[in-house]
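In: I'd like to go over a predicted model; first the sequence, then the structure.
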There are 2 protein chains.
Amino acid sequence: MPKVSDDHLAARRSQILDGARRCFAEYGYDGATVRRLEEEIGLSRGAIFHHFRDKDALFLALAQEDAERMADVAADQGLVQVMRDMLEHPEEFNWLGTRLEIARRLRTDPDFRASWTQRSAELNAATLARLERRRAEGALREDVPTDVVLGYLDLVLDGLIARIASGHTSENLSAVLDLVEASVRRKD
Amino acid sequence: MPKVSDDHLAARRSQILDGARRCFAEYGYDGATVRRLEEEIGLSRGAIFHHFRDKDALFLALAQEDAERMADVAADQGLVQVMRDMLEHPEEFNWLGTRLEIARRLRTDPDFRASWTQRSAELNAATLARLERRRAEGALREDVPTDVVLGYLDLVLDGLIARIASGHTSENLSAVLDLVEASVRRKD
């Protein structure tokens, strides 16, 4: 396939994903109807669903984009830095409230859950790799297994997503993240 | 008002709340239609909405019940014990997924948010009272202000609710809660 066509495809996909992100953030998963997606994206449903099979596919593609971006930061600077970035620009993460809306589906729809888990595996792998590097450097506390530290950071991340989604970020969360960071660090 | 009537009123309210809790857990907030509420509760909409003005009022009454129960545990044994109890019986807390579904409304609907905040104030007050007692006993770390510890525990609680709502509780969360507990304790 010639290059110009690839560029066009990439631009079209990114137009669709950006619009879908705004639409999910504003209306939620159920509220993001096909009509609203068309309006926000500026393309017809035919064009949109030519690129993404259905609304689930759109949602999972957005989750993948986020996971990749977060994984890059997590690999270099750790998951707490990912959280600091979210706290710095909560408005970019409003759409994550959608993640919460789909919680019930994760519990009850095994296929959807499998697709979702696949997407979050990348972020987990990046975080884990950094944790193991930090452990090798002697920077991590030694009395807690790495998988527990990972589970801990992931739990706090879920909490932060819930907090951002409900608009409760004004308080002392930056100091809270300092505490989170200190609690996995090796004590001198 | 004679006692028998009070008992009847209390029984009726509790029948409604129990049914509504099951209905929210199964169908989510939007999915809990008036017809489904009638079926699950076993009363007509007239009877239900005689006791609770609307679906929001039902939801907030359930949140209040939970907050009171959690506040009792938090006052005696702390917020981490509240989380351990949730982890022990996640099926009783499935309905909390609804809390996540309403996150977007908390962000965008100031009246709803005010009612909600009022309900969570009790749990916060109970947790704070215990934290201050623990601090007076010298059991709490001294280098972090109490409000940051409270914010921290509350963030982890939000994460746990998200985890339970999506059915991801099988892993090492009990060890994670040990880490949470240790990280607010005074180091010897």
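Out: Perfect, thanks for sending it.
In: From now on I want contacts and neighbour counts done on CA atoms only, so please keep to that.
Out: Noted.
In: how far away is the residue most central in space within chain A from residue A:114?
Out: Residue closest to the average C-alpha location in chain A (Cα atoms, centre = their mean): residue A:66, at 4.2 Å. Distance, residue A:66 to residue A:114, using Cα to Cα, to the nearest Å: 17 Å.
In: Ok, residue A:104 next?
Out: Separation of residue A:104 from residue A:114 (Cα to Cα): 14 Å.
In: who has more neighbours, these two?
Out: Shown here are residue A:104 and residue A:114; by other Cα atoms under 10 Å in any protein chain shown, residue A:104 has more neighbours (26 against 11).
In: I'd guessed that one sits against residue B:24; true?
Out: No - the pair residue A:104 / residue B:24 is not scored as a contact, 10.5 Å apart, by Cα atoms under 8 Å.
In: For residue A:183, give me its contacts.
Out: Contact analysis of residue A:183 by Cα atoms under 8 Å, 6 or more residues apart in numbering or on different chains lists residue B:183.
In: Can you check the pLDDT for it?
Out: The model reports residue A:183 with a pLDDT of 92.
In: for the one helix or strand residue A:40 maps to, packing partners?
Out: In the assignment (DSSP states H and E), residue A:40 maps to helix A:34-41. Applying 3 or more Cα pairs under 8 Å, 6 or more residues apart in numbering or on different chains; DSSP states H and E, one finds that helix A:34-41 contacts helix A:3-31, helix A:45-51.
In: tell me the contacts of residue A:163?
Out: Neighbour list for residue A:163: A:169, B:155, B:158 [criterion: Cα under 8 Å, 6+ apart].
In: how about residue A:140, phi and psi?
Out: Main-chain dihedrals, residue A:140, degrees, to the nearest 10: phi -100, psi 150.
In: neighbours around it, how many?
Out: With other Cα under 10 Å as criterion, residue A:140 counts 21.
In: I'd like the distance between the residue nearest to residue A:174 when sequence neighbours are not counted and residue B:155.
Out: Nearest residue to residue A:174 in three dimensions, chain neighbours excluded: residue A:84, at 7.2 Å (Cα to Cα, 6 or more residues apart in numbering or on different chains). Look at residue A:84 and residue B:155: by Cα to Cα, they are 14 Å apart.
In: Model confidence at residue A:20, what's the number?
Out: 94.
In: That one against residue A:58, yeah?
Out: Yes - contact criterion Cα under 8 Å: residue A:20 and residue A:58 qualify, at 7.3 Å.
In: Neighbour count for the two, which is higher?
Out: residue A:20 (25 against 20).
In: That one - nearest residue in space that isn't next to it in sequence?
Out: Excluding the flanking residues, the one nearest residue A:20 by Cα to Cα, 6+ apart is residue A:37, at 6.1 Å.
In: Against chain B, how distant is that neighbour?
Out: Separation of residue A:37 from chain B (Cα to the nearest Cα, to the nearest Å): 18 Å.
In: next one: residue A:29
Out: In terms of Cα to the nearest Cα, residue A:29 sits 10 Å off from chain B.
In: do the same with residue A:73
Out: In this view, residue A:73 and chain B are 21 Å apart by Cα to the nearest Cα.
In: Check residue A:181 too.
Out: Counting by Cα to the nearest Cα - residue A:181 and chain B are separated by 10 Å.
In: Enumerate every residue touching residue A:173.
Out: A:87, B:148, B:151-152.
In: Going by neighbour count, which of those residues comes out on top?
Out: The residue in the contacts of residue A:173 with the most neighbours, by other Cα under 10 Å, is residue B:152 (24 neighbours).
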